[in-house]
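In: Got a sequence here, can you model it:
(chains A and B)
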Protein chains: 2
Amino acid sequence: MDPDFSRLDASLADRDLDGYLIDADSENADQYYLSGFDAPDPFVTLYDGEVHLLFGRSLEYGRAKREARAATVERNVDFGYREKVAEHGADEAPFHVLAEFLRSYGVESVAVPPRFPVSVADALRDLGITVEPDRDSVVTDVRATKTEAEIEFIRDAQAANEKAMAAAERLFREAGVDGDGRLTCEGDVLTSERVKEEIEVTLLRNGCALDQTIVAGGADAADPHDRGSGPFRADEPIIVDIFPRNKATKYNGDMTRTFLVGEASETVREWYDLTERAYEAALDAVEPGATGAAVHDAVCDVYEEAGEPTLRSDESAETGFIHSTGHGVGLDVHEQPSVGPNGGELEPGHVITIEPGLYDPDVGGVRLEDLVVVTEDGYENLTDYPMELVV
Amino acid sequence: MDPDFSRLDASLADRDLDGYLIDADSENADQYYLSGFDAPDPFVTLYDGEVHLLFGRSLEYGRAKREARAATVERNVDFGYREKVAEHGADEAPFHVLAEFLRSYGVESVAVPPRFPVSVADALRDLGITVEPDRDSVVTDVRATKTEAEIEFIRDAQAANEKAMAAAERLFREAGVDGDGRLTCEGDVLTSERVKEEIEVTLLRNGCALDQTIVAGGADAADPHDRGSGPFRADEPIIVDIFPRNKATKYNGDMTRTFLVGEASETVREWYDLTERAYEAALDAVEPGATGAAVHDAVCDVYEEAGEPTLRSDESAETGFIHSTGHGVGLDVHEQPSVGPNGGELEPGHVITIEPGLYDPDVGGVRLEDLVVVTEDGYENLTDYPMELVV
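Out: Next up is the predicted model:
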């Protein structure tokens, strides 16, 4: 991976700041991206045209020297930590080290992410370093454009996702229906929890993990953020939305399918067809230079022409198409760019979801989602999984 | 769960501050603990003797009203968000809302966690609110003392951990040895990756997840933070350290065992026996009023009397007992209190690990770890798993 930091350079030059400073663990995607290093405890990354790392303790030092994409890797002890503890106490010494570390690179002013820790910012300012929160989150912005290597990582996560989706679909295909209209699996009632377990075990066996999966039927599926629970019923649509993260690369996949065991009502069938059309209209609109807003509009057009409410036609709508068309996917499962009403220009290397859907507690929910990468002349779909409602 | 916030009240009174403010998602354990609410995106919690939540968007509002341990739950729109966007712009409006939210409770000054976002702190200060970083992390300190309900959550996570450890042990018990001295499983070389997968699938099937497991043999095991990789060999100790989190409760377990297939060398056998004695000496020292430092000293005494180096006898030691004796476990797998050289007084309700170990790249590593809760008259071991080196 060899990110293009020219936008970061330009941002620092524009703002007349010497460097960009992050203090976070590598669960923070900006930190992992800028440092190229994976560590469970917070550490410091300075970007001043090159990447410099600072660790409080020596624990990660040797590994960082070997693994991080950094010009230099240093520790508190390299900046007179013990003397600073003696002079300023153990609470204050790390801040004096940090200021000295910055000044060793001639850095007197830094941009920091909006969520940079206030205690560190306060201390640096007290020591005469200018600290300006970067409300534009320029590193997050740089991350939106993926390298070829990153696209491969996302493709791998999506391939695992396809296997997990197939495992879920298999449970529905093989499901029975009991006398109360509930789906069954090997004699037990088939629950959301059972399907999620199958998904998660499949992902684990394919190098991925995830915290949450949405497997929601009936009224649960009508709330796009309900993760689902309990038994499923025949004849109702079931939304399966899986967003795994590859444990080695940390990049995510994302896909949604809607399944139904039994007979679809006329409304559900219409919703599904309409959502497929909205999905196709969105993909037709994806190309470099098109805005995320235009892609979102293409979806709203299809739904509104069919008489379905959208947040564009009624911003207080609680049924219909009540979310954005999509979002970027990378180290974070939700990241830039936006594919919604405020979405800016799409660029080659943007990886985005296209996920139209319709919701109503009286009907349930239908959503279809693929993951695509914007290319020089359009897009490539990173997802290879059929769309079929009734299984 | 009904946490005792009297320490938080006292801290605010001492510092003459009106409230405690957190702006974080619920992966932040202090946020989850104070708010009693689980949400993937950042939200605001104010504690002023009661808990008040503020959400930027309406998405989580209904669920928060039902689920959160909060006196009030409000949204940006409840504080004239649209008018504030018109007046101050979309970037600044949320800060004006937040200041108005605070003032609606008579709060003009707040303590915030050390890692509170600098952009929010800067904006609140500009609007006349006093924002003081809480270097003592008082909410983290309150969390160290567990309620009965929290202890049950940890016990449940540890029970799943025992099943996962048994699954790992089974792979070692059933392992063959090939002509090169490598362990095998069903004809394949038995690797760290294979054992981890078995552990993780077992945890998933028992309601738990984890990001990382340590299954490390040979020289890997001599580095306490190496997670292990590749094939295992006969006659060498293999450290298995599992720290799962229950997905429903978010509380963690933690346990380590060391296994060996084949014949243990005299050194490894001595190390194992010595580590069992150090473990017992530590447990003998655990009681309310004893310090974490005293428990740690009990371990160092055993090792040093046997001639093994410790960080207490040589702070630059790279072999021997080169870490602390333990740490608190709860919503975070590493939290207060410390069971190391600076560990303070233990109190009933503290849940701590006891995990002595010995390391040397030429020998490998041995570590044994149980999880215990400090009680009124000593401790209760939350772990029920035998200690046996050769399997």
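
In: Which positions in the stretch 101-250 of chain A make contact with chain B?
Out: Proximity of the stretch 101-250 of chain A to chain B, by C-beta under 8 Å from any C-beta of the partner chain, involves residues A:112, A:114-122, A:131, A:133, A:135, A:197, A:200-201, A:204-205, A:209, A:211-212, A:225, A:247. Every C-beta, even on glycine, is put in place using the N, C-alpha and C of the backbone.

In: okay, and for the stretch 251-391 of chain A, where does confidence drop off?
Out: Within the stretch 251-391 of chain A, the set of residues satisfying pLDDT under 70 is empty.

In: Please, where are all the helices along it?
Out: Using DSSP state H, counting those that start in this stretch, the helices of the stretch 251-391 of chain A run over A:266-285, A:292-305.

In: related to what we said a few turns ago, mark which of the residues of the stretch 101-250 of chain A next to chain B are buried, thanks.
Out: Among those, those buried by neighbour count (16 or more other C-beta atoms under 10 Å in any protein chain shown) are A:112, A:114-122, A:131, A:133, A:197, A:200-201, A:204, A:209, A:247.

In: Inside strands: which ones of the residues you listed?
Out: Using DSSP state E, the members of these that fall within strands are A:112, A:131, A:133, A:209.

In: So of the residues you listed, which two are at opposite extremes in space?
Out: A:Val131 and A:Ala209 (35.0 Å; C-beta to C-beta).

In: residues touching the residue nearest the centre of chain A, list them.
Out: When C-alpha atoms, centre = their mean is applied to chain A, the residue found nearest the centroid is A:Val333 (1.4 Å). Contact partners of A:Val333, counting by C-beta atoms under 8 Å, 6 or more residues apart in numbering or on different chains, are A:243, A:245, A:252, A:254.

In: Inside strands: which ones of the residues you listed?
Out: A:Arg245.

In: Pick the one among the contacts of A:Val333 closest to B:Asp297.
Out: For the contacts of A:Val333, the residue nearest B:Asp297 by C-beta to C-beta is A:Arg245; the value is 41.7 Å.

In: Once you drop chain neighbours, what's closest to A:Ile238?
Out: In this structure, A:Ile238 finds its nearest non-sequential neighbour in A:Gly217, 4.1 Å apart by C-beta to C-beta, 6 or more residues apart in numbering or on different chains.

In: Would you check that the one you found makes contact with A:Val195?
Out: No: counting by C-beta atoms under 8 Å, A:Gly217 stays clear of A:Val195, with 9.7 Å between them.

In: Who has more neighbours out of these two?
Out: A:Gly217 (30 against 27; other C-beta atoms under 10 Å in any protein chain shown).

In: Distance check, the more buried one against A:Glu266.
Out: According to C-beta to C-beta, to the nearest Å, A:Gly217 stands 19 Å off from A:Glu266.

In: so who does A:Glu335 touch?
Out: Per C-beta under 8 Å, 6+ apart, neighbours of A:Glu335: A:29, A:140, A:143-144, A:327-329.

In: wait, which of those residues is closest to B:Asp314?
Out: A:Ala29 (39.5 Å).

In: Now do the residue nearest to that closest one when sequence neighbours are not counted: how many residues are near it, please.
Out: Closest residue to A:Ala29 in three dimensions, ignoring its sequence neighbours and counting by C-beta to C-beta, 6+ apart: A:Leu331, at 3.7 Å. For A:Leu331, the count of nearby residues is 24 (other C-beta under 10 Å).

In: Compute the distance between A:Leu331 and chain B, please.
Out: 15 Å (C-beta to the nearest C-beta, to the nearest Å).

In: wait, what's in contact with that residue?
Out: A:29, A:32-33, A:143, A:250-252.

In: tell me which of these is nearest to chain B?
Out: A:Lys250 (10.6 Å; C-beta to the nearest C-beta).

In: Enumerate every residue touching the closest one.
Out: Neighbour list for A:Lys250: A:32, A:38, A:153, A:331 [criterion: C-beta under 8 Å, 6+ apart].

In: what sits against the third one?
Out: By that I understand A:Phe153. A:246, A:249-251 are the contacts of A:Phe153 under C-beta under 8 Å, 6+ apart.

In: could you redo the last one with a cut-off of 7 Å?
Out: Shown in contact with A:Phe153 (C-beta atoms under 7 Å, 6 or more residues apart in numbering or on different chains): A:246, A:249, A:251.

In: That one is in what secondary structure piece?
Out: Assigned by DSSP states H and E, A:Phe153 belongs to helix A:148-173.

In: just checking, next helix/strand downstream of that helix?
Out: Next along from helix A:148-173, by DSSP H and E: strand A:176-177.

In: Can you give the distance of whichever helix or strand A:Ala10 is part of from its chain's centre?
Out: Per DSSP H and E, A:Ala10 falls inside helix A:6-15. On the basis of C-alpha atoms, centre = their mean, to the nearest Å, helix A:6-15 sits 25 Å off its chain's mean C-alpha point.

In: Repeat that for stretch A:238-251.
Out: 9 Å.

In: Can you give me the buried ones in it?
Out: Under 16+ other C-beta under 10 Å, the buried positions of stretch A:238-251 are A:238-247, A:249-251.

In: count of residues packed around A:Asp180?
Out: Neighbours of A:Asp180 using other C-beta under 10 Å come to 10.

In: Now name the helix or strand holding it.
Out: Using DSSP H and E, A:Asp180 falls within no helix or strand.

In: Tell me the residue of the stretch 251-391 of chain A that sits nearest chain B?
Out: Residue of the stretch 251-391 of chain A nearest chain B, by C-beta to the nearest C-beta: A:His334 (8.7 Å).

In: That residue reaches A:His327, doesn't it?
Out: Yes: using C-beta atoms under 7 Å, A:His334 is in contact with A:His327, at 5.0 Å.

In: And these two? Which one has more around it.
Out: A:His327 (22 against 16).

In: which residues sit in contact with that one?
Out: A:334-335, A:338-339, A:352-353.

In: Please apply the same query to A:Asp241.
Out: A:Asp241 sits in contact with A:214, A:256, A:367, A:369, where contact means C-beta under 7 Å, 6+ apart.

In: cool, A:Arg245 as well?
Out: Per C-beta under 7 Å, 6+ apart, neighbours of A:Arg245: A:157, A:208-210, A:252.

In: Now these in JSON lines, please, with extra columns for distance to B:Phe43.
Out: Listed next are the contacts of A:Arg245 as JSON lines, based on distance: C-beta to C-beta, whole Å:
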{"residue": "A:Ala157", "distance to B:Phe43": "28"}
{"residue": "A:Cys208", "distance to B:Phe43": "28"}
{"residue": "A:Ala209", "distance to B:Phe43": "25"}
{"residue": "A:Leu210", "distance to B:Phe43": "22"}
{"residue": "A:Asn252", "distance to B:Phe43": "23"}
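
In: Most neighbours among those, which one is it?
Out: A:Ala157 (30 neighbours).

In: May I ask you to confirm that A:Arg7 is in contact with A:Val138?
Out: Yes: between A:Arg7 and A:Val138 there is a contact under C-beta under 7 Å: 6.2 Å.

In: Which of those two has more residues huddled nearby?
Out: A:Val138 (22 against 16).

In: Provide a list of residues in contact with that one.
Out: Neighbouring residues of A:Val138 by C-beta under 7 Å, 6+ apart: A:7-8, A:11.

In: which one of these is nearest B:Arg312?
Out: A:Leu8 (45.0 Å).

In: Return the distance of the closest one relative to chain B.
Out: On the measure of C-beta to the nearest C-beta, A:Leu8 and chain B end up 18 Å apart.

In: Does that residue touch A:Gly49 like I think?
Out: No: taking contacts as C-beta under 7 Å, A:Leu8 lies outside contact range of A:Gly49: 9.2 Å.

In: Enumerate every residue touching the spatially closest residue to A:Asp284 that is not a sequence neighbour.
Out: Ranked by C-beta to C-beta, 6+ apart and with sequence neighbours excluded, the top spatial neighbour of A:Asp284 is A:Ala298, at 6.9 Å. Taking C-beta under 7 Å, 6+ apart as the criterion, A:Ala298 is in contact with A:281-282, A:284-285.
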